[in-house]
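Peer 1: coords please:
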Amino acid sequence: MIAVLIPAHDEAEVIGRCLASVCHAANHPELDEAVIVVVASDRCIDATADIAASFGACVIQVPMPGGVGLARATAAERAIALGADWLAITDADSEVPSDWLFQQRALQTDAFCGVVEVSDWLDYAPGTACAFEASEPVGVDHGRIHGANMGVSVASYLRCGGFSDATSSEDVALVKALQAFGARIAWSPYPVVRTSARRQAKASGGFSQFLQRLELSLMQAQAKPLAPIHGQPVRNATEAEG
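Peer 2: Numbering: from 1, shown residues only. Got it, this is the predicted structure:
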């Protein structure tokens, strides 16, 4: 049985789309096994839990002090208790493709690390999308780790110690622990998960902050003055227009 794990901290605005996509993936015509969805409600004060329950998800409360690492670990613990042997992992602000679960199982490995694409670049500076695409390898063995697009067998998850209760980078820590014992990891370019470029991060050090650092680096690079030619200062575009 597959369990889809979704941590959620006040995600009422987006979790419905996420769960709809997960339900679609669970009904893939070539996927011949049961699927459960476990939503870990992390200190939610909005309608996240009610929306998740309306989709038939198993909704659990994350113990204090909360945080994404503890949320993922709590969801995994419940999924394993319910009999899951594969954990498919995503985020509440993401949408998975219809073959997301089928392709993970078809890989027949101990774990899966996939890539993401951004659904809406909002108000990010021009060029940020291109910079992200350049930083996101799409070939086999891409080496990227995204909590929005992962999977792991329960046997391997338990062997490596599972998710830590860290407030960020818990996905990276899990993959490193898997690598430490020689787990077979599929670094596959497909299936691709669509995720949000929102600026208001739900977890420190997560994908949102990565994108903001990328944007800042791009803007700093664009702001560098041009090198002088033959000892003469070169005016920037703004000065030239004046």
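Peer 1: quick one: secondary structure of the residue lying closest to Ala92 once chain neighbours are set aside?
Peer 2: Excluding the flanking residues, the one nearest Ala92 by C-beta to C-beta, 6 or more residues apart in numbering is Glu11, at 3.8 Å. Placement of C-beta: from N, CA and C, glycine included. Secondary structure, DSSP: H, G, I helix; E, B strand; the rest coil: Glu11 is coil.
Peer 1: so how many other residues sit close to Glu11?
Peer 2: Residues lying near Glu11 (other C-beta atoms under 10 Å) number 25.
Peer 1: for it, what are its contacts?
Peer 2: Glu11 is in contact with Cys18, Cys44, Asp46, Thr48, Ala92, Asp93, Lys202, counting by C-beta atoms under 8 Å, 6 or more residues apart in numbering.
Peer 1: residue contacts, the first one?
Peer 2: Same thing as Cys18. So, once contact is read as C-beta under 8 Å, 6+ apart, Cys18 ends up touching Ile6, Glu11, Thr90, Asp91, Ala92, Asp93, Ser94, Glu95, Val96.
Peer 1: So for it, what's the nearest residue that isn't a sequence neighbour?
Peer 2: Closest residue to Cys18 apart from its sequence neighbours, by C-beta to C-beta, 6+ apart: Ala92 at 5.3 Å.
Peer 1: Counting neighbours, what do you get for the one you found?
Peer 2: 27.
Peer 1: Torsion angles phi and psi at it?
Peer 2: When read as degrees, to the nearest 10, the backbone of Ala92 gives phi -70, psi -20.
Peer 1: That one contacts Ile15, doesn't it?
Peer 2: Yes. With contact defined as C-beta atoms under 8 Å, Ala92 reaches Ile15; the gap is 4.5 Å.
Peer 1: Tell me the spacing between Gln108 and Trp86.
Peer 2: Distance, Gln108 to Trp86, by C-beta to C-beta, to the nearest Å: 11 Å.
Peer 1: Please identify which of those two sits among more neighbours.
Peer 2: More crowded of Gln108 and Trp86, by other C-beta under 10 Å: Trp86, with 23 against 8.
Peer 1: who touches the closest residue to the more buried one other than its chain neighbours in this structure?
Peer 2: Distances taken as C-beta to C-beta, 6+ apart place Ile2 nearest to Trp86, at 4.8 Å, with adjacent residues excluded. Ile2 makes contact with Ala26, Glu33, Ala34, Val35, Ile36, Ala84, Asp85, Trp86, Leu87, Ala88, Leu101, Arg105, according to C-beta under 8 Å, 6+ apart.
Peer 1: Could you dump those residues into TSV with pLDDT, secondary structure and distance to Ala221 added?
Peer 2: As requested, the contacts of Ile2 are arranged in TSV below (pLDDT from 0 to 100; DSSP: H, G, I helix; E, B strand; the rest coil; distance: C-beta to C-beta, whole Å):
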residue	pLDDT	secondary structure	distance to Ala221
Ala26	99	helix	43
Glu33	97	coil	48
Ala34	98	coil	50
Val35	99	strand	44
Ile36	99	strand	46
Ala84	99	coil	45
Asp85	99	coil	47
Trp86	99	strand	42
Leu87	99	strand	39
Ala88	99	strand	37
Leu101	99	helix	40
Arg105	98	helix	42
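Peer 1: any low-confidence regions in the chain?
Peer 2: Filtered on pLDDT under 70, the chain yields the residue ranges 128-129, 136-139, 197, 199-219, 224-242.
Peer 1: one more time with 50
Peer 2: For the chain, applying pLDDT under 50 flags the ranges 226, 229, 231-242.
Peer 1: quick one on the thing from earlier: greatest separation within the contacts of Cys18: which pair is it?
Peer 2: Glu11 and Val96 (15.0 Å; C-beta to C-beta).
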